[in-house]
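**Q** sequence and computational prediction follow.
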Amino acid sequence: MRTETKIAKDLLSIGAVFLRPGEPFTWASGIRSPIYCDNRIILSHPAVRREVEAALAALVKERYPGCGLLAGTSTAGIAHAAYVSEILGLPMCYVRGAAKDHGRGNRIEGRAEPGAKVVVIEDLISTGGSVLEVVDALRQAGCEVLGIASIFTYGLEKGVKRLADAGVQNASLSCYDALLAAAVEEGVIAREDVPRLERFRQNPQDGGWMSL
Ligand SMILES: O=P(O)(O)OC[C@H]1O[C@H](OP(=O)(O)OP(=O)(O)O)[C@H](O)[C@@H]1O
Ligand SMILES: O=C(O)c1cc(=O)[nH]c(=O)[nH]1
């Protein structure tokens, strides 16, 4: 089975995927969505967690062989960065949403020296806004960002374009198409729900999916 399908099925098996078209979720970007994928739940399921962390470690090794440092995004990426750094024997740091207003005033916690070759570990990409802020902070610190390794991406046009414009590559374990296919196969969503969910992905901002 392909990794994207296996991980999608793992997420469904632990109840990490929520469908609520009648009462849309509000995403970090403000987008109102019929679906929410809560990868934080992976942490509560050791068997799935082991699989996800092993797959993320393999992805980092294969796609970013020169990686010398892993950077977790706050907050959902931090635990995954920690697990993967343990598997690969790499140092890790994490990047706060904003610099602390006390203590040492850090935005980046742990060591991220100028010239370090960094891979950012993110749990999920929607519009890419959150992960790009992390990339910017690392670049400002003088690090070389090799790319992002993430568990899931919606593949939204806006997110893909933003990452390309910023010159950052992303590799994800799974994606929206794989999730929808697995969810139909497993009976988690009805085939009739798919057009609405695909319409949402094509134009998440306009709310047109709500009237389908
Ligand atoms: O690609 P984007 O449009 O930026 O959205 C994705 C981001 O949203 C979620 O984080 P959230 O802001 O919910 O915070 P958390 O990581 O602290 O849970 C998720 O973990 C990503 O970081
Ligand atoms: O865009 C988001 O905020 C978001 C979407 C999603 O499905 N899951 C998540 O954790 N965040």
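**A** That came in fine, so what should we check first? Ligands and ions are numbered 1, 2, ... in the order given.
**Q** report the central residue of the chain.
**A** Leu124 (1.9 Å; C-alpha atoms, centre = their mean).
**Q** mind listing what the one helix or strand it maps to pairs with, with the direction of each?
**A** Counting by DSSP states H and E, the element that carries Leu124 is strand 117-125. If you go by DSSP bridges, strand 117-125 pairs up with strand 69-73 (parallel), strand 144-153 (parallel).
**Q** to Ser33, which of these lies closest?
**A** Each of the strands paired with strand 117-125 has some distance to Ser33 by C-beta to C-beta; the shortest is strand 144-153, at 13.5 Å. The way it works is simple: take the backbone N, C-alpha and C, and place the C-beta from them, glycine included.
**Q** wait, doesn't Val120 sit right on Thr73?
**A** Yes. Between Val120 and Thr73 there is a contact under C-beta atoms under 8 Å: 6.5 Å.
**Q** which residues do these two both contact?
**A** 95, 131, 134 (C-beta atoms under 8 Å, 6 or more residues apart in numbering).
**Q** is it true that the second one touches Thr73?
**A** Yes. Between Val131 and Thr73 there is a contact under C-beta under 8 Å: 5.9 Å.
**Q** where along the protein do the helices fall?
**A** Along the chain, counting by DSSP state H, helices occupy 3-13, 46-63, 78-88, 129-140, 157-165, 176-185, 194-202.
**Q** quick one: average pLDDT of the fourth one?
**A** If you average the pLDDT over helix 129-140, you get 98.
**Q** and it with ligand 2, contact?
**A** No. For helix 129-140, no contact with ligand 2 is found by C-beta under 6 Å from any ligand atom; the gap never falls below 7.8 Å.
**Q** again, but for the last one
**A** No. Contact check for helix 194-202 against ligand 2, using C-beta under 6 Å from any ligand atom: none in range, with a minimum separation of 11.3 Å.
**Q** residues from the protein in reach of ligand 1?
**A** So the chain meets ligand 1 at 28-29, 73-76, 122-130, 159 (C-beta under 6 Å from any ligand atom).
**Q** please pick the buried ones from these.
**A** By neighbour count, with 16 or more other C-beta atoms under 10 Å, the residues of the chain next to ligand 1 hold 29, 73-74, 76, 122-128, 130, 159 as buried.
**Q** who's in contact with Pro120?
**A** No, residue 120 isn't Pro; it's Val. Contact analysis of Val120 by C-beta under 8 Å, 6+ apart lists 70-73, 77, 95, 131, 134-135, 138, 145, 147-149.
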